[in-house]
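In: here is my input, please return the structure:
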Amino acid sequence: MKPILLSVMIALAALLSGPSAFADGKKLVLVVAKGSSVKNLSRGELKRCFTGEPVTIAGKALVPFNAAPNSPERAAFDHVVLGMSPDEVGRYWIDRKVRGQSAAPRSLPSPAHVAKVAAKFPGAIGYLTADQLTSDVQAVSVDGVGYGDPRYPLTVP
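Out: Here you go, the predicted structure:
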């Protein structure tokens, strides 16, 4: 098989595999600016925030930012947090647009962009994998459980 064709097939398989493109047990870590008063979110608040509902924590209105649409992080987040496939998420946002409701969270092109925006933009919240964390952001617990705890709920199966 020609190397270019093999590369295309591998890339296509990774895109189609969705959340399973992650290694087993990889964690998605919610991030905000270092020093933010946002320390914890419930799963319900997190889902509402990323499905267009206003969420205010510690006096701050949260502004969600997504990973790139075809990234493994985004597919995993949509699956674990929203309980939707990429197609279902697309239909959800089209339905909201037709009804004149709020738009989808802005997508950023790379984990580095997510970290930068979360670090600099007041109220911004995004997600990274644990190995993508930078010193400019702080992790947010989910339901009182930090990402270092084995019970952390944003672990990709």
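
In: okay, and the helix or strand of the protein with the least pLDDT?
Out: Lowest on mean pLDDT, DSSP states H and E among the helices and strands of the chain sits helix 3-16, with a mean of 36.

In: and the next helix or strand past it?
Out: strand 28-33 (DSSP states H and E).

In: partners of that next one, with directions?
Out: strand 124-129 (antiparallel), strand 137-142 (antiparallel) (DSSP bridges).

In: so residue 45 makes contact with residue 55?
Out: Yes. Between residue 45 and residue 55 there is a contact under C-beta atoms under 8 Å: 5.1 Å. (Glycine included, C-beta is placed from N, CA and C.)

In: neighbour count: these two, which is higher?
Out: Set residue 45 next to residue 55 and count neighbours by other C-beta atoms under 10 Å: residue 55 wins out with 21 against 17.

In: what's near enough to touch that one?
Out: Shown in contact with residue 55 (C-beta atoms under 8 Å, 6 or more residues apart in numbering): 41, 45, 48-49, 61-62.

In: now it, nearest residue through space, not along the chain?
Out: Once flanking residues are discounted, residue 55 sits nearest to residue 49: 4.2 Å by C-beta to C-beta, 6 or more residues apart in numbering.

In: could you report the neighbour count for the one you found?
Out: Neighbours around residue 49, by other C-beta under 10 Å: 22.

In: now, the contacts of residue 55 that are in strands?
Out: Counting by DSSP state E, the part of these found in strands is 41, 61.

In: closest to residue 140 among the contacts of residue 55?
Out: residue 41 (5.8 Å; C-beta to C-beta).

In: the closest one: neighbour count?
Out: Neighbours of residue 41 under the rule other C-beta under 10 Å: 22.

In: which residues does it form beta bridges with?
Out: Where residue 41 sits in a bridge, its partners, by DSSP bridges, are residue 142.

In: re the thing from before, need the strands paired with strand 28-33 in TSV with distance to residue 82, mean pLDDT and mean neighbour count, can you?
Out: Putting those into TSV (distance: least, C-beta to C-beta, whole Å; pLDDT from 0 to 100; neighbours: other C-beta atoms under 10 Å) gives the following:
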stretch	distance to residue 82	mean pLDDT	mean neighbour count
strand 124-129	12	97	25
strand 137-142	14	97	21
